[in-house]
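>>> Got a predicted model here, sequence first, then my questions.
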Amino acid sequence: MATDADNFTSAAPKVTKSHVLVTSAVKRPPYSYAHLELLNDGLSKTGDLDALQVKSYCTSALKQFLGTTGMAIPLDILKVEGQSCWLRLPRGDLGAFAAAITAWQGTTQDGIHSTLLIRGCSDWLGALVGQQDEQKLWTG
């Protein structure tokens, strides 16, 4: 003889697993990202960076290193904060950009020498975010 509990369990529909409709993996992102910092000669404190200075310094470095071809590399200034800035550029141009910034001697204005230092480069912006605070952990 069947009880009410037996009827209840047999009448319940079975739960099916979910189905994956689409999967995607980004293996080669179209852009790379760079974190740059302004360095001064240490004798005096200059003001914070602004987007115009970043563009001017990067254009100067690219022109000096690669000529007109370097000036054609598109740069997107994502954020400028204090002495730091974050840029987005085409993935294929990251190596040339990093070499140009590294080789650039900087500029001297009003007796103050300034140059850019690459703090980090990555194909993923998330890998660069927070590196500033990580650096402070070890340096004080």
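Good, I have the coordinates. Since the model is a prediction, treat every value here as computed from it, not as a measurement.
>>> Of all residues in the protein, which one is nearest the centre?
Nearest residue to the geometric centre of the chain (Cα atoms, centre = their mean): Tyr33, 3.3 Å.
>>> List the residues that contact it.
Tyr33 makes contact with 78, 86-89, 121-125, 127-128 under the criterion Cβ atoms under 8 Å, 6 or more residues apart in numbering. C-beta coordinates here come from the backbone N, C-alpha and C atoms, glycine included.
>>> For those, give me a markdown table that also has secondary structure.
Below are the contacts of Tyr33 laid out as a markdown table (DSSP: H, G, I helix; E, B strand; the rest coil):
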| residue | secondary structure |
| --- | --- |
| Leu78 | strand |
| Trp86 | strand |
| Leu87 | strand |
| Arg88 | strand |
| Leu89 | strand |
| Cys121 | strand |
| Ser122 | strand |
| Asp123 | coil |
| Trp124 | coil |
| Leu125 | helix |
| Ala127 | helix |
| Leu128 | helix |
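>>> I'd like those residues as TSV, with pLDDT, neighbour count and distance to Thr108 appended.
Output for the contacts of Tyr33, formatted as TSV (pLDDT from 0 to 100; neighbours: other Cβ atoms under 10 Å; distance: Cβ to Cβ, whole Å):
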residue	pLDDT	neighbour count	distance to Thr108
Leu78	96	15	28
Trp86	96	20	25
Leu87	97	22	23
Arg88	97	16	29
Leu89	97	20	26
Cys121	94	19	26
Ser122	92	16	31
Asp123	92	14	34
Trp124	89	12	35
Leu125	90	15	32
Ala127	83	13	33
Leu128	85	17	29
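>>> still on that earlier bit, report the beta-bridge partners for the residue nearest to the centre of the chain.
Tyr33 has these beta-bridge partners by DSSP bridges: Arg88, Ser122.
>>> Much appreciated, bye for now.
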